[in-house]
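>>> Turn this into a model:
(chains A and B)
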Number of protein chains: 2
Amino acid sequence: MSNLPNDRLIATYRIAAPFDGARARAEALAAEQSVEMPLSAIRDVRVLRDIVARVDAVRPVGGGFEADIALAAATTGDEASQLVNMLFGNCSLQPEVQLVRVALPDGFARRFPGPRFGIAGIRSLVGAMRRALTCSALKPQGSTVQDLARLAHLLALAGIDVVKDDHGLADQAFSPFAERVPAVQQAIDAANCETGGRTVYAPTFSGRPRQLREQRRVAEQAGVRMALVAPMLIGLPSFVEFREDTALPLLAHPALGGAARIAPPVLLGTLFRLFGADATIFPNHGGRFSYSPQTCESLCAAARGPLDGLAPILPVPAGGMTVDRVDEMLAGYGMDTMLLIGGGLLAAGDALAERARAFVARVHAFGDHR
Amino acid sequence: MSNLPNDRLIATYRIAAPFDGARARAEALAAEQSVEMPLSAIRDVRVLRDIVARVDAVRPVGGGFEADIALAAATTGDEASQLVNMLFGNCSLQPEVQLVRVALPDGFARRFPGPRFGIAGIRSLVGAMRRALTCSALKPQGSTVQDLARLAHLLALAGIDVVKDDHGLADQAFSPFAERVPAVQQAIDAANCETGGRTVYAPTFSGRPRQLREQRRVAEQAGVRMALVAPMLIGLPSFVEFREDTALPLLAHPALGGAARIAPPVLLGTLFRLFGADATIFPNHGGRFSYSPQTCESLCAAARGPLDGLAPILPVPAGGMTVDRVDEMLAGYGMDTMLLIGGGLLAAGDALAERARAFVARVHAFGDHR
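Next comes the predicted model:
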């Protein structure tokens, strides 16, 4: 107990409550998120000094207020679930509280695995050093393995960089992982042979830790070169272990991640990156979801900005995107981006191959103009 | 693909949008939560018939509406993360959507582990067959192992049934799991020898699957007889695997579970029970959290009501409770309940032992009156 590091994370919460009494509400939140008991009953002065969270500032914002709360880094145990517990464990149960920003002390990010590949690693993998990347999805779930493999082959022939499973393709009876993944990988390999291309397949890994291990074994044997994982579905610590145990780049899916009243740039940007994602899918503004352009921009900054020397990771805007929006998206997000169009290609029906080629051509052409 | 079972889960969503256009919005949600693509582009009739989610009803509720959506059980792959993905994966990213109820088809719950002990098993463990149970917590994090063991000894001497770690006690440097857990278990064993009591210690298990395995090994060796786990922190599939691999009863903690816009009775009641919890902690009304009495009551019904023959589990109201409220809580919740008072006992300072004894006496006396 003598050598407690004294560094602090600064978590900023937005609280829907009157600014009158903000200081007391913030003190209560600081106790809730650290010692979860009345401070008056704590006898150990080291706990009061080094462990209890500290209110650094409160300020009015909109109809409520924001509080900067300094959490002791030592309380996180340098572990994903406990970090999230400290940031948003109990106060997740208080609907008036949102976690809007997190600032980590120097060196803290290094205690987590971080991305193994990052943007540069994914660029090497698909052989695209400067232009933006393209991604599409195998759907719908319920399709036969043969139909999914056929679709993958077609998308790879069109030159899509990353063909991912729909995140709803798990390990169901209609297309079990162990049958689907080798078949789809083979279809993509065949297309790559025909075109000389380097399309990568990212199957969905999901389920219990044991299932994830078995899926890694199957995927490795099949020559898979990327993994799609939804960290909030499998659990953040399980995601960290996945990152530790695999040599594949990780494409993070946001499923179940939007509900948490944790600002998307914090969860899908900073935290997913910290825990090992190399690319992060998010619902782009103007699609089927309601993220604002500003949220999307902050999320990109969290994915690509400085973070203790961790590699920047690829933002992947998605969610109801169309080929028509390629130029606008790339003008806004820049080249270090992967555009994901799933349903927007499939909706072309018989003209799917043509539309996929148009998507690829549009993204490549945009690169040439720069 | 020929033998797809045709059973459906009915998920009820509350949607904050005008009732005009409710049907179309519900159809879009049904597509989002199943095939995530335009139905017009689906060629496989079996997918349209057996996989696409179906809107069974829409009705106006408050300023918005509710939609009953029938999800194909086959799409869940009988696995926790994929079940939650189907129920609330993508629509977690749509802030206007809440999951308010889930009805499972007959036999579905049996595909998940469910509680191993349930209420009856926990009653046997602590030797209390009819009265309500008592629970308190070891706090604050940052305390030395010796201080935590001393506190545990005192609470066990007072006759508390279950002494649990604060959910913030993970595996930090100030009280590492491998040192804390044997020391606290020993302190409780010693108190049990003195009193002839049967107090049980429930340490916090947290972290990556590998860490959970190691913690189980340490706990087993130390003679631990219950586990505290926050399913949303470690991840639901990891919780299921924990249930499969341990012989300990599981006390579920709601941390990170309140933020998900999934109604508490569904998440902390039905789903935690399905995945293996034997007892479920929830923030009682009138404490530091804002659950309504009605939410608490529905949560108890989900924990203890019929569910495909799965054992009923113990509701554990908590979150700012005091000894003064024992009678009211037991009158409301009945005997098949465990009351958790943490900070409310610790706030007594020097009078802690006395207040803990008063808590126990009050709960036992209430039982005698019935």
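
>>> Can you name the residue of the stretch 151-300 of chain A nearest to chain B?
Residue nearest to chain B within the stretch 151-300 of chain A (C-beta to the nearest C-beta): A:Gly235, separated by 1.2 Å. All C-beta spots, glycine's among them, are computed from the backbone N, C-alpha and C.

>>> what's the neighbour count on that residue?
30 (other C-beta atoms under 10 Å in any protein chain shown).

>>> got a pLDDT number for it?
A:Gly235 carries a pLDDT score of 88 in this model.

>>> The one 4 residues further on too?
The predicted local distance difference test score for A:Phe239 is 91.

>>> And for A:Ala260?
57.

>>> again, but for A:His369
Predicted confidence (pLDDT) for A:His369: 49.

>>> now chain A, which segments are flagged as low pLDDT?
A:1-6, A:258-261, A:367-370 (pLDDT under 70).

>>> The residue lying farthest from the centre of it sits in which helix or strand?
Distance from the centre of chain A peaks at A:Arg43, with 41.3 Å (C-alpha atoms, centre = their mean). A:Arg43 is part of no helix or strand, with elements assigned from DSSP states H and E.

>>> Quick check: phi and psi on it?
phi -100, psi -30 (degrees, to the nearest 10).

>>> just A:Leu9 next, same as before
Given degrees, to the nearest 10, the pair of backbone angles that A:Leu9 has is phi -90, psi 140.

>>> Tell me which residues touch it, please.
Shown in contact with A:Leu9 (C-beta atoms under 8 Å, 6 or more residues apart in numbering or on different chains): A:Ala70, A:Leu71, A:Ala73, A:Thr76, A:Met86, A:Leu87, A:Val102, A:Ala103, A:Leu104, A:Pro105, A:Phe108.

>>> Save those as TSV, and put in secondary structure and distance to chain B too.
Output for the contacts of A:Leu9, formatted as TSV (DSSP: H, G, I helix; E, B strand; the rest coil; distance: C-beta to the nearest C-beta, whole Å):
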residue	secondary structure	distance to chain B
A:Ala70	strand	15
A:Leu71	strand	11
A:Ala73	helix	10
A:Thr76	helix	8
A:Met86	helix	7
A:Leu87	helix	9
A:Val102	strand	15
A:Ala103	strand	21
A:Leu104	coil	17
A:Pro105	coil	16
A:Phe108	coil	14
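
>>> From the residues you listed, keep the buried residues only.
A:Ala70, A:Leu71, A:Ala73, A:Thr76, A:Met86, A:Leu87, A:Val102, A:Leu104, A:Phe108 (16 or more other C-beta atoms under 10 Å in any protein chain shown).

>>> unless I'm mixing things up, the residue of the stretch 151-300 of chain A closest to chain B is touching A:Gly207, no?
No. If you go by C-beta atoms under 8 Å, A:Gly235 and A:Gly207 don't touch, sitting 10.8 Å apart.

>>> List the residues that are in contact with both of these two.
Common neighbours of A:Gly235 and A:Gly207 are listed as B:Ser81, B:Pro237 (criterion: C-beta under 8 Å, 6+ apart).

>>> Run through the strands of chain A in chain order.
Using DSSP state E, the strands of chain A run over residues A:8-15, A:54-61, A:64-72, A:97-103, A:133-138, A:162-165, A:200-202, A:227-229, A:250-252, A:279-283, A:314-318, A:338-340.

>>> send the alpha carbons of the longest one over as CSV?
In other words, strand A:64-72. Output of strand A:64-72 as CSV, limited to C-alpha atoms (Å, rounded to 0.1, in the frame of the first residue of the first chain):
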residue,chain,number,x,y,z
GLY,A,64,-27.6,20.7,-16.5
PHE,A,65,-23.9,20.6,-15.7
GLU,A,66,-20.6,18.8,-16.4
ALA,A,67,-18.3,17.5,-13.7
ASP,A,68,-14.7,16.6,-14.1
ILE,A,69,-13.9,13.7,-11.7
ALA,A,70,-10.4,12.6,-11.1
LEU,A,71,-10.3,8.8,-10.7
ALA,A,72,-7.2,7.1,-9.2
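
>>> Skipping adjacent residues, who's closest to A:Val229 in space?
Closest residue in space to A:Val229, ignoring its immediate chain neighbours: A:Phe205 at 5.1 Å, by C-beta to C-beta, 6 or more residues apart in numbering or on different chains.

>>> List the residues that contact that neighbour.
Applying C-beta under 8 Å, 6+ apart, we find A:Phe205 in contact with A:Leu212, A:Gln215, A:Arg216, A:Ala219, A:Ala227, A:Leu228, A:Val229, A:Ile234, A:Phe242.

>>> residue contacts, the residue lying closest to A:Phe239 once chain neighbours are set aside?
Of all residues not flanking A:Phe239 in the chain, A:Pro231 sits nearest, at 4.0 Å (C-beta to C-beta, 6+ apart). Counting by C-beta under 8 Å, 6+ apart, A:Pro231 touches A:Phe239, A:Ala252, A:His253, A:Gly257, A:Phe272, A:Phe275, A:Ala277.

>>> Kindly recompute the last result at 10 Å.
A:Pro231 makes contact with A:80, A:237-240, A:242-243, A:250, A:252-257, A:267-268, A:271-272, A:275-277, A:280, B:235, according to C-beta atoms under 10 Å, 6 or more residues apart in numbering or on different chains.

>>> Quick check: helices, which of the residues you listed are part of them?
A:Ala80, A:Pro237, A:Ser238, A:Phe239, A:Val240, A:Phe242, A:Arg243, A:Phe272, A:Phe275 (DSSP state H).

>>> just to revisit the earlier point, isn't the residue farthest from the centre of chain A right next to B:Thr144, touching?
No. At 11.3 Å, A:Arg43 does not count as touching B:Thr144 under the criterion of C-beta atoms under 10 Å.

>>> what do those two both touch?
The contact lists of A:Arg43 and B:Thr144 share no entry, where a contact means C-beta under 10 Å, 6+ apart.

>>> Isn't A:Asp327 up against A:Tyr333?
No. A:Asp327 is beyond contact range of A:Tyr333, at 11.2 Å (criterion: C-beta under 10 Å).

>>> about what we covered before: can you list phi and psi of the residue of the stretch 151-300 of chain A closest to chain B for me?
Here is the backbone geometry of A:Gly235 (degrees, to the nearest 10): phi 100, psi 140.

>>> what's the distance between it and B:Ala230?
According to C-beta to C-beta, to the nearest Å, A:Gly235 and B:Ala230 sit 10 Å apart.
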